[in-house]
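> quick one, structure for this:
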Amino acid sequence: MPGPYPHEPRFVARPSKRHGTAALPADAVNNAIARTQQWLIDRQADDGHWVGELEGDSILQSEYTLLLAWLATGDSPPEWSADRIRRMARQLIAQQQPGGGWSRYPGGPLDVSASVKAYLALKISGHASDTPWMTRAREAIRAAGGAERVNSFTRYYLALLGILDYRQCPAVPPELLLVPRFCPLNIYEMSAWSRTIFVPLSLLWAFQPRIDTPEAWSIDELFLRERTTLTASMPLSEQLDQLSTPGRLDWHGIFTRLDATWKRIEQWKLTPFRGMAIRKAAEWMIERFADSDGLGAIFPPMVWSVVALKCLGYSDDAPILRGALEQLENLVISENDTDRIQPCHSPVWDTAIATIALRDSGLAPDHPALKRSSDWLLAREVRHPGDWSKSRPEATPSGWFFEFSNRFYPDVDDTAMVVLALTRCLPELPWTADFFLDFDPAQDHAPDIATVLSGRTSSPSRAAESIESMGPILGAIHRGARWTLGMQSRNGGWAAFDRDNNRELLTRLPFADHNAMIDPPTADLTARTLEMLGGLGVRETHPAVIRALEFLWKEQEEDSSWHGRWGVNYIYGTWQSLVGLSAIGIPPTDSRIRRAAEWLKRYQQPGGGWGESPRTYDEPDLRGTGPVTASQTAWAVLGLIAAGESDSPEVAAGIGYLLDHQAADGSWHEESFTGTGFPRVFYLRYHLYPISFPLMALGRYARCRHVAVAAVDRRAA
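Prediction:
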């Protein structure tokens, strides 16, 4: 039963119908815009948000299967679990690659951890080991080095199911929660997502639950040697990035020895603070269930929180445990007798991008769809402290998260995108707006003045009504932009969830092989923040911007592209950097801008589009190459437009590609994964990316060709 994904081709664009330097017909562009606008409006939820499917790889189905299998050995497993396991197994078979294994993205190389978990999940669901697809999987896994090569998180699952011993897993001591903030190994030095995974895993480690593995679940055949001989230490992961400042100390070796020492200490029962640490971990985890779609609102900590609650003694019918399982069930998408799991929901992100795309393509700010989306976004603003507050206790809470609800974890990327969207939803009036971003009313004990509007009007009463209606949006813009400014790291850049979260030695911890143990500033987030600030009128002379520009120029690659941390890959990073630099006032004549634009032009493919594979994270020499996609074509076009290339033949060809490949309903088909979760480890397919970003590109192209909306002057002090 082969899967649907062929081996990834280098180029898959069909020839474009349009070539040359002339502007494309305005009616063709406008008709395409109208179709996609209608597509989005038709799919807007009644309360105003958009949310597309967020697709990950096979590990989501596999790991949920392993969790449900473990729960099924208890007294009262969920009555629906057997059917869920069966349906997820069908999805796993569909995702199997022709070579027999499972990969991190369609067409990618075999991933041993993903393949071992998928094989085990299929055995749990009743698939016999002698079926053709199981035989191919087994042979592929063994040829890749066997189950000995699985990562640390896979080892924890295998220990939970009794296949491995916990001594063969890296230690995750809950005592780390007792480490004070001034110590380098405190949990707030970890990235936000690693922190939410670590805490429930520490409870797993403290209790070490396991079951007697049913004979039918045995995977001994996947090991090249006896599984009992698997070493207790983790080898240095091949998926870890190099340290930016390598030193003489072998931190991996040091932490490996500390891991072995800690296991001996536990063996001797010299853990006097274990009870206190367990209570601290439980309190920390349960506190973060509040106003959230689950712990961290992302799949990995949500799964481990269920295990942790069981370890803490919660019964199967306890409301807190049932609620945690319901949050996981909310991630399930059922289709054609298969079930697939999303890593989380993305409504804030999707809604902000769709709002920007609709506005940039000419939809009026008072259109009902935009009024509903802006109201929905306003209601999602965080006004409470979160984990980010540990490094900024004096800051006024604000910001937006990614999911439906995730109070403790607003992030810079979503906040910047929402501010951009809200700014576009302000009425089109012949006024200017001064956003006093260096002024915090809450700290300065002054009147709550977020913005000063100035202009002339012949209708004072109507102007007063407009000002009153803008109040909530202006206040949210001011708070969100100020919060984002305060999240700038010392090196001038911005990261996702925390500032100065860049202690690289943590990436060499034995359980840090997911290549995302820290959350350092990146070029794409820094450029997005500059785009937001530029949209509010902040210029390149602002002190924060000066530092940000220094960071961004340092991050530019030798070939003049920028790396993409949160999207695939150099096309994403270069697009966002060009847009941010343009918004903040860097002229298109700047030599660094010119070289980056030339880089984009150089990687345009024969059909007029652009494409890049996640493989470029492992093999940077392949940057700029891969299957052509609508979303990456849109990013390249947007980057070139920002660089002053709207009249170029490359932009015309890119727009031509989008017009030629648009479906009759206004959508674009795209199967490639163009989103990045953890580089080299986990990638995403945002199902709304090939809708919103092409619409944004068409809209900005039309505006540059004097077909669409005019810009509104909104300045900030």
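
> relative to Ile254, how far out is Arg392?
Separation of Arg392 from Ile254 (C-beta to C-beta, to the nearest Å): 31 Å. Where C-beta positions appear, they are placed from N, C-alpha and C, glycine not excepted.

> same check, this time on Val29
Val29 is 59 Å from Ile254, by C-beta to C-beta.

> Asn151 too?
20 Å.

> comparing those two, which residue is more hemmed in?
Taking neighbours as other C-beta atoms under 10 Å, Asn151 and Ile254 compare with Asn151 leading, 20 against 12.

> that one reaches Phe511, doesn't it?
No. The pair Asn151 / Phe511 is not scored as a contact, 9.1 Å apart, by C-beta atoms under 8 Å.

> what about the stretch 101-250 of the chain, any weak spots by pLDDT?
Within the stretch 101-250 of the chain, the ranges that satisfy pLDDT under 70 run 234, 236-237, 239-241, 243.

> let's see 80
233-249 (pLDDT under 80).

> ok, now which ones touch Phe255?
When contacts are counted by C-beta atoms under 8 Å, 6 or more residues apart in numbering, Phe255 is found next to 508-510.

> between those residues, which has the most around it?
Leu509 (24 neighbours).

> quick one: that residue and Met517 touch, right?
Yes. When contacts are counted by C-beta under 8 Å, Leu509 is listed as touching Met517 (6.6 Å).

> how far out from the middle of the chain is the helix or strand hosting Trp39?
If you go by DSSP states H and E, Trp39 is part of helix 26-42. Taking the mean of its C-alpha atoms, helix 26-42 sits 28 Å from the chain's own mean (C-alpha atoms, centre = their mean, to the nearest Å).

> point out the other helices and strands that that helix packs with.
Secondary-structure packing of helix 26-42 (3 or more C-beta pairs under 8 Å, 6 or more residues apart in numbering; DSSP states H and E): helix 347-360, helix 649-661, helix 689-704.

> tilt between that helix and helix 649-661?
60 degrees (axes from the mean of the first three to the mean of the last three C-alpha atoms, to 10 degrees).

> what about the stretch 451-600 of the chain, any weak spots by pLDDT?
Within the stretch 451-600 of the chain, the stretches with pLDDT under 80 are 451-470, 507, 511-515.

> which parts of it are helices?
Here the stretch 451-600 of the chain has its helices, by DSSP state H, counting those that start in this stretch, at 460-486, 523-535, 543-555, 570-584, 591-602.

> now swap in the stretch 251-400 of the chain and tell me
Under DSSP H, counting those that start in this stretch, the stretch 251-400 of the chain gives helices at 251-267, 274-287, 299-311, 319-329, 347-360, 368-379.

> which one, of those, ends up nearest to Ser469?
Ser469 lies closest, by C-beta to C-beta, to one member of the helices of the stretch 251-400 of the chain: helix 368-379, at 9.9 Å.

> can you add mean pLDDT and distance to His563 and give the helices of the stretch 251-400 of the chain back as TSV?
Below are the helices of the stretch 251-400 of the chain laid out as TSV (pLDDT from 0 to 100; distance: least, C-beta to C-beta, whole Å):
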stretch	mean pLDDT	distance to His563
helix 251-267	89	23
helix 274-287	98	33
helix 299-311	97	24
helix 319-329	97	33
helix 347-360	98	20
helix 368-379	97	29
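
> determine which of these approaches Gly567 most closely.
The closest of the helices of the stretch 251-400 of the chain to Gly567 is helix 347-360. By C-beta to C-beta, the value is 11.6 Å.

> helices or strands up against the closest one?
For helix 347-360, the packing partners by 3+ C-beta pairs under 8 Å, 6+ apart are helix 26-42, helix 368-379, helix 412-424, helix 689-704.

> the inter-axis angle of that helix versus helix 368-379?
Going by the same axes, to 10 degrees, helix 347-360 makes 140 degrees with helix 368-379.

> quick one: the helices and strands packed on helix 26-42 as JSON lines, columns for mean neighbour count and distance to Leu110 too.
As requested, these are exported to JSON lines (neighbours: other C-beta atoms under 10 Å; distance: least, C-beta to C-beta, whole Å):
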{"stretch": "helix 347-360", "mean neighbour count": "26", "distance to Leu110": "30"}
{"stretch": "helix 649-661", "mean neighbour count": "24", "distance to Leu110": "31"}
{"stretch": "helix 689-704", "mean neighbour count": "26", "distance to Leu110": "26"}
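
> and those: which comes nearest Glu55?
Closest to Glu55 of the helices and strands packed on helix 26-42, according to C-beta to C-beta: helix 689-704, at 10.8 Å.

> quick one, that closest one and helix 570-584 angle?
On the basis of the same axes, to 10 degrees, helix 689-704 is oriented at 40 degrees to helix 570-584.

> packing partners of helix 689-704?
helix 26-42, helix 347-360, helix 630-642, helix 649-661.

> what mean pLDDT would you report for that helix?
Averaging pLDDT along helix 689-704 gives 97.

> also stretch 394-411?
pLDDT averaged over stretch 394-411 gives 96.

> how about it: buried residues?
Going by neighbour count (16 or more other C-beta atoms under 10 Å), the buried part of stretch 394-411 is 395, 397-411.

> got the CA positions of that stretch in PDB?
Extracted as PDB, the C-alpha positions of stretch 394-411 are listed here (Å, rounded to 0.1, in the frame of the first residue of the first chain):
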ATOM      1  CA  GLU A 394       7.700  45.700  34.800                       C
ATOM      2  CA  ALA A 395       6.100  45.500  31.300                       C
ATOM      3  CA  THR A 396       2.400  46.100  30.600                       C
ATOM      4  CA  PRO A 397       1.000  42.800  29.300                       C
ATOM      5  CA  SER A 398      -0.100  42.700  25.700                       C
ATOM      6  CA  GLY A 399       0.500  40.600  22.600                       C
ATOM      7  CA  TRP A 400      -1.300  37.900  20.700                       C
ATOM      8  CA  PHE A 401      -0.800  34.200  20.600                       C
ATOM      9  CA  PHE A 402      -1.100  31.800  17.600                       C
ATOM     10  CA  GLU A 403      -3.900  29.500  18.600                       C
ATOM     11  CA  PHE A 404      -7.500  30.100  19.800                       C
ATOM     12  CA  SER A 405      -6.400  30.400  23.400                       C
ATOM     13  CA  ASN A 406      -2.900  30.400  24.900                       C
ATOM     14  CA  ARG A 407      -2.800  33.100  27.600                       C
ATOM     15  CA  PHE A 408       0.700  32.400  28.900                       C
ATOM     16  CA  TYR A 409       2.400  32.500  25.500                       C
ATOM     17  CA  PRO A 410       1.900  35.500  23.300                       C
ATOM     18  CA  ASP A 411       4.600  35.800  20.700                       C
END
